[in-house]
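S.K.: Below: sequence and its predicted model.
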Amino acid sequence: MNTQKKWQYQCIAKETVTILNNKHYNAQYAEDVPEARKMILDMVPENSSIAMGASVTLSDMDLLETFRNGPYRLFDRYNGMKFEGRLNVIMVAEETGF
């Protein structure tokens, strides 16, 4: 990507973060995938319960595997479960903090 295009995308992203923060979201800007991955891991304490839907972004960032295999309690409704198991995960996930 050329320098001008990268600068343009950075400006748009930073403006979007400002707008979201002004609407009481906790938006943050990461320069690249490794920085974003670190920011996410810093937000989620070890031994936390985590519930999420199908996230291509988290999967592409290798966070899904980190949450599955790391010191977290992931309620993984897409890991080969039948409907009843997924339903139970969804019900328990409603009580998680992340």
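M.R.: Cool, the structure landed.

S.K.: Only C-alpha atoms from now on, for both contacts and neighbour counts.
M.R.: Fine.

S.K.: Other residues contacting the helix or strand containing E15?
M.R.: E15 is part of helix 3-22 when elements are defined by DSSP states H and E. Residues outside helix 3-22 that contact it (C-alpha atoms under 8 Å, 6 or more residues apart in numbering) are N26, A27, Q28, Y29.

S.K.: Include secondary structure, pLDDT and distance to S48 when you put these into a markdown table, please.
M.R.: Formatted as a markdown table, the contacts of helix 3-22 follow (DSSP: H, G, I helix; E, B strand; the rest coil; pLDDT from 0 to 100; distance: C-alpha to C-alpha, whole Å):
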| residue | secondary structure | pLDDT | distance to S48 |
| --- | --- | --- | --- |
| N26 | coil | 94 | 19 |
| A27 | coil | 96 | 21 |
| Q28 | coil | 96 | 21 |
| Y29 | coil | 96 | 24 |
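
S.K.: biggest separation within those, which pair?
M.R.: N26 and Y29 (10.3 Å; C-alpha to C-alpha).

S.K.: okay, the two: which has more neighbours?
M.R.: Y29 (15 against 10; other C-alpha atoms under 10 Å).

S.K.: What score does the residue most central in space within the chain have for pLDDT?
M.R.: Geometric centre of the chain, nearest residue: L58, 5.4 Å, by C-alpha atoms, centre = their mean. Reading off the confidence values, L58 has pLDDT 87.

S.K.: Thanks again, I'm all set now.
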